[in-house]
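In: pasted the sequence and its predicted model underneath.
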Amino acid sequence: MNVTELMTELVLQIGVILFAVRVCGELVKRIGIPSVLGELLAGVIIGPYALGSIAFPGFERGLFPLAEGGALAVSPELYGFATVASIILLFASGLETDIALFLRYSLAGGLIGIGGVVVAFISGDMVGMALLHAGFMDPRCLFLGVLSTATSVGITARILSDQKKMDSPEGVTILAAAVFDDVLGIIMLAVILGIVALLTSNSGGSLDVGSILLIAGKAFGIWLGFTALGLIFAKHIAGFLKIFKASYDFSILALGIALVLAGVFEKQGLAMIIGAYIAGLSLSKTDIAAVIQERIHGLYEFFVPLFFAVMGMMVNVRELASIQVLLFGAIYTLMAIAAKLLGCGLSALALGFNAKGALRIGTGMVPRGEVALIIAGIGLSSGVLDSRLFGVIILMTFITTIAAPPLLSIFLKWSGVGTRKPAKDNDAATATWDFSSDEIADLVIDTLLKQLRAEGFYVQMMNINDGLSQARKDDISLSIIEEENKVSIVTGKDDMSFVKTAMYEVILTLSDSIQKLKETSNPTEMKKELAQMVECRTLDNKLLSLIEPDCVTIDLKGNNKNAIITELVDLLASRGRLNNRDEVLHDVFERERSMSTGMEHGIALPHGKSDGVDELKVAIGIKKDGIDFGSLDGERSRLFIMVVAPRKMSGPHVQFLASISAILRGEATRQELLKASTTEKVVELLRGK
């Protein structure tokens, strides 16, 4: 077959695969099964062991003929596309990993993740020893061990979101542990591949402990070294990429870095996916991470389903149906489920969860998925795994992914808390916004996540293709879901005022440049709803310290909006709080022009972000006879709280606005403020002393 014929066949194969994965993925989603399993099943159906080998005119051996020789059932060209897809998948996973979340929740997430990984690895290896009659260091047993450690957090996150349990103690712990699972799994794969390479080069001979430790240390050292260098020089790498100003250009070049690192790691005897993951992880905390995720989304949609289909094509249906494979698969699957339940569950019990909470956490860590399939493909292509063992792994992945979601849903519905000590009493509440298009919803989500990061939240994207993110700071936890043109945020009732304040600020920011967003979202109604909120969080000590007596005046002179704002800015400037008075004044006026910050009950909250300050500054003024400030209820505004935050630096800008609104909601407090005779008394009232 000449090159033209090869390429013609490849083009036809890819076209058929794209249709098959979309159809099967959509069908299984309708019955509540993750689409990845539909894509895998599509590959099995059209693959060389099923319909793909049926001959028809022009294709004597079928459209997907069984490849001759070698360990792969598909052509090298098609497998090459699957390899690129696996690199894109792990690069995206690295981008989605929140290294700050990994470190912040390192104790609970680390112990549960380590417990699950260690128990699963040892159990998987021992099942291989028993059924293959091999030693612990046999390459097949090592692969069975590392394969059983993987967890598909995207599937679990979707169940937690549907049950409104993302911000529960179990939900937060599962997601933090899953981050550890990803990192530990990648490290273990690097070590195992190094050991397997040494065993292969030793021609089946035994290895001493020193040799094993040496190769394990080398593999771990390469992984750690590249990861450390990537994180240290991440901003410099991002700066270099931004030389190519167009976002599509630097996003594609970021993927190019992942491809280069993947090749380097393969040359070092490690897997390509390890290099791709490190590339994504290195860029995950840069300011271009979200842009890269958005720009490679099209490539992700094209390549990744193709990867799952190719993995399905390599399943030998006849061997999968054999008694031996089914029995091996059943034992291995039961072990994989039990290992996560025990390893993660027992660790959870040691960390203050009760039996119910430990069962939920263990079940949430059960689903296998993308990473397990990639590792299985590496084992098959390297010749370590044969088609029967590959079928066993596919069976385990399929069953754990199908069985875990309904079980987790049942366990989450059980009444009662999952911790031994009472958790924060904060029933879940949901706020939903319906925008006019998917594009506007994407823009709102992107802006919101940037704002939350600036507020000091740790943001974790569950899956590049799932429209699900979690943001967490201290005891505030938000689940953010995007479904086509709808954006929903699930959080505790006590935190809903913060959510509405944050979304209000996002919409006002975007409405300056997108008139359509302003028309469909109705920011005025959102502002009115915010002003009428009766539940809000209270200030913490750090925010309270921002209110200082020398930046308070109880006798404002201005008689209109511009005069009042100017007077408050001048108050901050006279106290040395501003770097550039004129710039701050301009930025506050610009913000006020987009929509009046006059609220209800005589309160006005003029604010803005400016490069004229280095940190958040607050000025407070009282004008007892009031002025027309364009308030919602038409009343004259008498209490003015101005907040100026740095444009690019992090700071609790939205939290301060929401919290000060909570303090001023009481009529008695407002009246006492108006009667205050000293600035110290104003500060005392606002600090709740």
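Out: Happy to help now that I have it. Just so it is clear, the structure is predicted and the values come from calculations on it, not from any experiment.
In: where does the stretch 501-650 of the chain dip in pLDDT?
Out: By pLDDT under 70, the weakly predicted segments of the stretch 501-650 of the chain are 512-544, 648-650.
In: can you give me the strands for it?
Out: If DSSP state E, counting those that start in this stretch is used as the criterion, the strands of the stretch 501-650 of the chain fall at 552-553, 603-604, 607-610, 617-627, 637-646.
In: would you turn these into JSON lines with distance to Thr430 and mean neighbour count?
Out: In this view, the C-beta of every residue, glycine as well, is placed from N, C-alpha and C. JSON lines is the format used below for those (distance: least, Cβ to Cβ, whole Å; neighbours: other Cβ atoms under 10 Å):
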{"stretch": "strand 552-553", "distance to Thr430": "38", "mean neighbour count": "20"}
{"stretch": "strand 603-604", "distance to Thr430": "27", "mean neighbour count": "26"}
{"stretch": "strand 607-610", "distance to Thr430": "27", "mean neighbour count": "24"}
{"stretch": "strand 617-627", "distance to Thr430": "32", "mean neighbour count": "20"}
{"stretch": "strand 637-646", "distance to Thr430": "28", "mean neighbour count": "24"}
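In: for the stretch 351-500 of the chain, which segments count as strands?
Out: Using DSSP E, counting those that start in this stretch, strands in the stretch 351-500 of the chain cover 428-434, 458-463, 468-473, 476-483, 486-492.
In: could I get those strands as TSV with distance to Ile507 and mean neighbour count?
Out: Output for the strands of the stretch 351-500 of the chain, formatted as TSV (distance: least, Cβ to Cβ, whole Å; neighbours: other Cβ under 10 Å):
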stretch	distance to Ile507	mean neighbour count
strand 428-434	8	15
strand 458-463	19	22
strand 468-473	18	23
strand 476-483	15	21
strand 486-492	11	21
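In: weakest of those strands in terms of mean pLDDT?
Out: Confidence, taken as mean pLDDT, is least for strand 458-463 of those (a mean of 64).
In: and for the nearest residue to Glu39 once chain neighbours are set aside, the neighbour number?
Out: The shortest distance from Glu39 to any non-neighbouring residue, by Cβ to Cβ, 6 or more residues apart in numbering, is to Phe308 (3.9 Å). Counted with other Cβ atoms under 10 Å, residues neighbouring Phe308 total 29.
In: who's in contact with Phe308?
Out: Residues in contact with Phe308 (Cβ atoms under 8 Å, 6 or more residues apart in numbering) are 21, 36, 39-40, 43, 373.
In: what strand or helix carries it?
Out: Here Phe308, judged by DSSP states H and E, is contained in helix 297-313.
In: what packs against the helix or strand just after that helix?
Out: Downstream of helix 297-313, the next assigned helix or strand under DSSP H and E is helix 317-320. Counting contacts by 3 or more Cβ pairs under 8 Å, 6 or more residues apart in numbering; DSSP states H and E, helix 317-320 is packed against helix 323-350, helix 387-413.
In: lowest average pLDDT across those helices?
Out: Across the helices and strands packed on helix 317-320, the lowest-scoring stretch is helix 387-413, with a mean of 86.
In: that one: which residues count as buried?
Out: Within helix 387-413, the residues that qualify as buried are 387, 389-402, 404-405, 407-409, 411-412, counting by 16 or more other Cβ atoms under 10 Å.
In: just to revisit the earlier point, with distance to Lys242 added, can I get the helices and strands packed on helix 317-320 in CSV?
Out: Listed next are the helices and strands packed on helix 317-320 as CSV, based on distance: least, Cβ to Cβ, whole Å:
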stretch, distance to Lys242
helix 323-350, 40
helix 387-413, 39
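In: what residue ranges in the stretch 101-250 of the chain score low on pLDDT?
Out: For the stretch 101-250 of the chain, counting by pLDDT under 70, the residues that fall below are 101-107, 153-155, 158, 161-164, 166-167, 199-212, 216.
In: looks to me like Thr286 is in a helix.
Out: No. Using DSSP: H, G, I helix; E, B strand; the rest coil, the assignment for Thr286 is coil, not a helix.
In: what's near enough to touch the closest residue to it other than its chain neighbours?
Out: Closest residue to Thr286 apart from its sequence neighbours, by Cβ to Cβ, 6+ apart: Ala238 at 3.9 Å. By Cβ under 8 Å, 6+ apart, the contact list for Ala238 reads 283, 286-288.
In: element containing Ala238?
Out: Assigned by DSSP H and E, Ala238 falls in helix 234-241.
In: list the buried residues in that helix.
Out: For helix 234-241, using 16+ other Cβ under 10 Å, the buried residues are 234, 237-238, 241.
In: which pair in those has the greatest spatial separation?
Out: By the measure Cβ to Cβ, Ala234 and Leu241 form the most distant pair in the buried residues of helix 234-241, at 10.6 Å.
In: just to revisit the earlier point, so can I have JSON lines of the contacts of Ala238 showing distance to Ser251, pLDDT and neighbour count?
Out: Below are these laid out as JSON lines (distance: Cβ to Cβ, whole Å; pLDDT from 0 to 100; neighbours: other Cβ atoms under 10 Å):
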{"residue": "Leu283", "distance to Ser251": "10", "pLDDT": "89", "neighbour count": "26"}
{"residue": "Thr286", "distance to Ser251": "12", "pLDDT": "83", "neighbour count": "20"}
{"residue": "Asp287", "distance to Ser251": "13", "pLDDT": "76", "neighbour count": "14"}
{"residue": "Ile288", "distance to Ser251": "8", "pLDDT": "84", "neighbour count": "19"}
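In: widest-spaced pair of those residues?
Out: Leu283 and Asp287 (9.9 Å).
In: can you tell me what sits against the helix or strand sitting right after the helix holding Ala238 along the chain?
Out: Sequence-wise, the next helix or strand downstream of helix 234-241 (DSSP H and E) is helix 247-267. Contact with helix 247-267 is made by 84, 87-88, 91, 222, 226, 237, 241-244, 271-276, 278-280, 283, 288, 291-292, 294-296, 299, as judged by Cβ under 8 Å, 6+ apart.
In: what of stretch 400-418?
Out: 32-34, 36-37, 152, 155-156, 158-160, 162-163, 165, 168-170, 333, 336-337, 353-354, 356-361, 363-364, 366-369, 423.
In: then stretch 30-46?
Out: 16-17, 20-21, 23-29, 50-52, 63-64, 152, 155, 158, 305, 308-315, 317, 369-370, 373, 394, 397-398, 401-402, 405-406.
In: which non-adjacent residue is nearest Glu680?
Out: Pro549 (5.2 Å).
In: burial of Thr333, as a residue count?
Out: Neighbour tally, Thr333, other Cβ under 10 Å: 22.
In: so it versus Met396, what's the distance?
Out: Distance of Thr333 to Met396, given as Cβ to Cβ, to the nearest Å: 4 Å.
In: and Asp625, by the same measure?
Out: Following Cβ to Cβ, the distance that separates Asp625 from Met396 is 75 Å.
In: try Val417
Out: Where Met396 is concerned, Val417 sits at a distance of 32 Å (Cβ to Cβ).
In: check Ser409 too.
Out: 21 Å.
In: save the buried residues of helix 234-241 as TSV, and put in distance to Gly602 too.
Out: Shown next, in TSV, are these (distance: Cβ to Cβ, whole Å):
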residue	distance to Gly602
Ala234	48
Ile237	52
Ala238	47
Leu241	50
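In: show me which of the residues you listed is closest to Arg636.
Out: Looking across these and measuring by Cβ to Cβ, the closest to Arg636 is Ala238, at 49.3 Å.
In: among the strands of the stretch 501-650 of the chain, which is nearest Ala197?
Out: strand 637-646 (51.0 Å).
In: what packs against the very next helix or strand once past the closest one?
Out: Next along the chain after strand 637-646, taking DSSP H and E as the criterion, comes helix 653-663. Counting contacts by 3+ Cβ pairs under 8 Å, 6+ apart, helix 653-663 packs against helix 496-511, helix 541-544, strand 607-610, strand 637-646.
In: would you list those in CSV and tack on distance to Val127?
Out: Shown next, in CSV, are these (distance: least, Cβ to Cβ, whole Å):
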stretch, distance to Val127
helix 496-511, 46
helix 541-544, 52
strand 607-610, 57
strand 637-646, 56
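In: avg pLDDT for the host helix or strand of Gly15?
Out: Assigned by DSSP H and E, Gly15 belongs to helix 3-30. When pLDDT is averaged over helix 3-30, the result is 90.
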